[in-house]
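K.L.:
sequence below, structure please.
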Amino acid sequence: MKIFVQVGNGKFESLIKEIDRLLETKQITAQVTCQIGHGEYIPKHCEWFTFESPLTKYQNEADLVISHGGPGSVFEILRKEKKLIAIPNRNRTDPRHQVEFLEALSKETESLIYCDEFKNILEAIEKAKEKLFVKYERPICTMGEKIKEFLK
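P.N.:
Okay, the predicted model is just below:
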């Protein structure tokens, strides 16, 4: 199994450190590559890089993607129909932003696993091995019609 961990443009030290710890203790035995962004912690037990654009190569090669909860990243992976564990980065400017987004999305679809805390990542990985992920279907947007109707 290949796992790709992506943190986006920021840093997500707690997630990267936990992944590295789980690799060190052999609780994760998969091949792991981490995109660490601006993070200062350098993983010792997996391949890593700071930035590369696009991340498509790593996402496509992965059997499982673990991503921060940024909507752009989450929707990009869902469009690729990859197994996804999404975890909120609470160390951002607004610590509730990714939490609220992921909580709402996880109630709407079975296309991802929402992992609420980095300390629960091993449990989420184990769940991903057995879970039947469904294809994400974008909801129909009727905003344009509603605006036109309102303006009449």
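
K.L.:
show me where this protein has its helices.
P.N.:
Under the criterion DSSP state H, the chain carries helices at the ranges 13-24, 56-61, 71-79, 97-108, 121-130, 143-151.

K.L.:
could you export those helices as TSV, including mean pLDDT, mean neighbour count and distance to residue 88?
P.N.:
Glycine gets a C-beta too; all of them are placed from N, C-alpha and C. Output for the helices of the chain, formatted as TSV (pLDDT from 0 to 100; neighbours: other CB atoms under 10 Å; distance: least, CB to CB, whole Å):
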stretch	mean pLDDT	mean neighbour count	distance to residue 88
helix 13-24	97	19	10
helix 56-61	96	14	19
helix 71-79	95	17	10
helix 97-108	92	15	4
helix 121-130	96	15	12
helix 143-151	84	8	26
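
K.L.:
tell me the contacts of residue 82?
P.N.:
Under the criterion of CB atoms under 8 Å, 6 or more residues apart in numbering, the neighbours of residue 82 are 59, 62, 64, 65.

K.L.:
one more time with 7 Å
P.N.:
Applying CB atoms under 7 Å, 6 or more residues apart in numbering, we find residue 82 in contact with 59, 62, 65.

K.L.:
and what of residue 113?
P.N.:
Per CB under 7 Å, 6+ apart, neighbours of residue 113: 85, 124, 127, 128, 131.

K.L.:
please report how far residue 73 lies from residue 9.
P.N.:
Applying CB to CB, to the nearest Å, the value for residue 73 to residue 9 is 10 Å.

K.L.:
what's the pLDDT at the residue most central in space within the chain?
P.N.:
Nearest residue to the geometric centre of the chain (CA atoms, centre = their mean): residue 67, 1.9 Å. Note on residue 67: pLDDT of 98.

K.L.:
perfect, I'm done here.
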